[in-house]
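Participant: Based on what follows, work out the 3D shape:
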Amino acid sequence: MEKAESELEKIVSQLKSQARPEILPSLSKFGVNTEKAFGISIPVLRNMAKVHRKDHLLAIELWKTDIHEARILASMIDDPAKVQEKQMDWWVNDFNSWDLCDQVCLNLFRKTPFAFEKAKAWTEEEDEFVRRAGFVLIATLAVHDKKGKDERFSALFSLIEKHSNDERNFVKKAVNWALRQIGKRNEKLHQEAIILAERIISQDSKSSKWIANNALVELKSKKVVDRIQKKK
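Facilitator: Got it, this is the predicted structure:
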């Protein structure tokens, strides 16, 4: 633990040295919670992470600092094989910014054996960032889980339809993202996603109509259709 603590102090000092407070106002305009942020870019954090790969204990200590970039860095260096459900529930309930949510899901949570189950559970939670995390997990799994069976993703369409009427910005964008990414996996899921989107449009909700129309524009685009055909 002493090693982890000395490394922690070193990293926090490094983060502070990379701080760019002048960009925080612009980040805030994009919906990033900058209350405890330093304004450090993702490429800089990825470069820092290279020397601390799969350091689970250090990741936990970084998360405890409550520093925005330290928490993103924690998701980059943690070992998915050592992450337990209790930790995932702890971290997801600390989410207070869409970028933190997305980075943790993309860098770490999707790689755990609990990803699908947590995605389904979190989409049913009322908290905005917890629900977003559920749909972000779905979207990232749709992209990166190349061997996942179609049935596993088809089963998630009911959650997309159920919560497509959530008017909260960070939720509706994640629902849309999940629908589009599943629909781009292959021909079967592409057709199912289009049918779902066309059904969602009929809901009496602004968010549902936006989610569906936006998804259909991409799913019916020549670029996506050509890509799907090449996968056949």
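Participant: Spell out which residues sit in contact with residue 132, please.
Facilitator: 95, 98, 101, 170-171, 174 (CB atoms under 8 Å, 6 or more residues apart in numbering). Backbone N, C-alpha and C define where each C-beta goes, glycine included.
Participant: Tell me where the model's unsure across this protein.
Facilitator: Applying pLDDT under 70 to the chain flags the ranges 1-5.
Participant: what's the spacing between the residue nearest the centre of the chain and residue 200?
Facilitator: A centroid search over the chain (CA atoms, centre = their mean) returns residue 102, at 3.0 Å, as the residue closest to the centre. Distance of residue 102 to residue 200, given as CB to CB, to the nearest Å: 23 Å.
Participant: Could you rank the contacts of residue 132 by neighbour count and give me the top one?
Facilitator: Ranked by the number of neighbours (other CB atoms under 10 Å), the contacts of residue 132 place residue 174 first, at 31 neighbours.
Participant: So it versus residue 113, what's the distance?
Facilitator: 22 Å.
Participant: Out of the contacts of residue 132, which comes closest to residue 209?
Facilitator: Nearest to residue 209 among those is residue 171, at 15.1 Å by CB to CB.
Participant: and the closest one, what helix or strand is that in?
Facilitator: Per DSSP states H and E: residue 171 is located in helix 169-183.
Participant: now for the first helix or strand past that helix going along the chain, which elements pack on it?
Facilitator: Per DSSP H and E, helix 169-183 leads on to helix 187-200 as the next helix or strand towards the C-terminus. Counting contacts by 3 or more CB pairs under 8 Å, 6 or more residues apart in numbering; DSSP states H and E, helix 187-200 is packed against helix 150-154, helix 157-162, helix 169-183, helix 206-219, helix 222-231.
Participant: roughly how far is the shortest one from the heart of the chain?
Facilitator: Helix 150-154 sits 19 Å away from the centroid of its parent chain (CA atoms, centre = their mean, to the nearest Å).
Participant: coming back round to it: of the contacts of residue 132, closest to residue 50?
Facilitator: residue 101 (23.3 Å).
Participant: quick one on the thing from earlier: which one of the helices and strands packed on helix 187-200 is the most hemmed in?
Facilitator: Among these, ranked by average contacts under mean count of other CB atoms under 10 Å, first place goes to helix 169-183 (a mean of 24).
Participant: which outside residues touch the one helix or strand residue 91 maps to?
Facilitator: Element membership for residue 91 (DSSP H and E) is helix 85-92. Helix 85-92 is contacted from outside by 60, 63, 71, 101, 104, 109, 112, 114, 118, 122, 129-130, 133, using CB under 8 Å, 6+ apart.
Participant: Quick check: what element follows that helix along the chain?
Facilitator: Helix 85-92 is succeeded, C-terminally, by helix 98-107 (DSSP H and E).
Participant: Now do that following helix against helix 85-92, angle only.
Facilitator: For helix 98-107 against helix 85-92, the angle by axes from the mean of the first three to the mean of the last three CA atoms, to 10 degrees is 150 degrees.
Participant: how far is helix 98-107 from where the chain is centred?
Facilitator: 4 Å.
Participant: quick check: angle from it to helix 169-183?
Facilitator: 30 degrees.
Participant: packing partners for helix 98-107?
Facilitator: Applying 3+ CB pairs under 8 Å, 6+ apart, one finds that helix 98-107 contacts helix 68-77, helix 85-92, helix 128-144.
Participant: mind running it again at 10 Å?
Facilitator: Applying 3 or more CB pairs under 10 Å, 6 or more residues apart in numbering; DSSP states H and E, we find helix 98-107 packed against helix 42-49, helix 68-77, helix 85-92, helix 115-123, helix 128-144, helix 169-183.
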